[in-house]
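In: can't give you the sequence, but here's the structure:
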């Protein structure tokens, strides 16, 4: 197994140091994911930019969480599922939504379920979503902008999920209580 460095402000490449400072200012600490990504200043900057853009997209806090966690669970990200569980709590997302996403059980509203369904179709079908599935998403009350914003959220999650798979990023201490694995849910 190749070991990835968990950088900090002293070990990171020069171009990553201000990006880590941004992370520390935003989160009050250095998330493990950002510490790993710091090895590639371009990846860390891209991730931070997509994160900011997605948070300011057409989705509310519940919808952001549905897109993030549907992808995290689908990609079996041992780091992102607990992290986004904690983030959802900080954002004031109802635990019923978070638990349904983590456990892959029905969401509390048909509209949120339509968002999860569309997001998973996009992921599983590599963007080749059938016209009738797109129409079902639009009929649920979403828009063409929402479709494109799901792609934005997915782009961010590819960066984090795949980095965590390769680096086996340790779950941050603050999120350890939200530990998750797909095999636990299948048992």
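Out: That came through fine. Please read these numbers as outputs of a predicted model, since none were measured by experiment.
In: can you give me phi and psi for the residue nearest the centre of the chain?
Out: In the chain, the centroid-proximal residue (CA atoms, centre = their mean) is residue 68; its distance is 3.8 Å. Reported as degrees, to the nearest 10, the phi and psi values for residue 68 are phi -60, psi -50.
In: quick one: contacts for it?
Out: Taking CB atoms under 8 Å, 6 or more residues apart in numbering as the contact definition, residue 68 lies against 80, 84, 87, 153, 157. Placement of C-beta: from N, CA and C, glycine included.
In: So it versus residue 149, what's the distance?
Out: In this structure, residue 68 and residue 149 are 12 Å apart, going by CB to CB, to the nearest Å.
In: And for residue 113?
Out: Applying CB to CB, the value for residue 113 to residue 149 is 18 Å.
In: higher neighbour count, those two?
Out: Set side by side, residue 113 and residue 149 show more neighbours around residue 149, with 21 against 15, by other CB atoms under 10 Å.
In: in which helix or strand would I find the more buried one?
Out: Residue 149 belongs to helix 144-167 when assigned by DSSP states H and E.
In: how long is stretch 33-45 end to end?
Out: With CA to CA, to the nearest Å as the measure, the ends of stretch 33-45 fall 12 Å from one another.
In: residue ranges with poor pLDDT in this structure?
Out: Scanning the chain for pLDDT under 70 picks out 1, 184-187.
In: What count of nearby residues applies to residue 57?
Out: Other residues within reach of residue 57 by the criterion other CB under 10 Å amount to 18.
In: That one is in what secondary structure piece?
Out: When secondary structure is defined using DSSP H and E, no element contains residue 57, which sits outside every helix and strand.
In: which ones are touching it?
Out: The neighbourhood of residue 57, defined by CB under 8 Å, 6+ apart, consists of 64, 149, 152, 153.
In: May I ask which two of those are separated the most?
Out: Distances among those were taken as CB to CB; the most separated pair is 64 and 152, at 10.7 Å.
In: what do those two both touch?
Out: Looking at what touches both residue 64 and residue 152 (by CB under 8 Å, 6+ apart), the common residues are 54, 57.
In: between these two, who's got more neighbours?
Out: For residue 64 versus residue 152, the count of surrounding residues by other CB under 10 Å is larger for residue 64: 21 against 16.
In: tell me which element that one falls in.
Out: Using DSSP H and E, residue 64 maps to helix 61-74.
In: got it, and residue 169?
Out: Residue 169 belongs to no helix or strand when elements are defined using DSSP H and E.
In: For it, the count of nearby residues, please.
Out: Tallying neighbours of residue 169 according to other CB under 10 Å, which is how burial is gauged here, yields 24.
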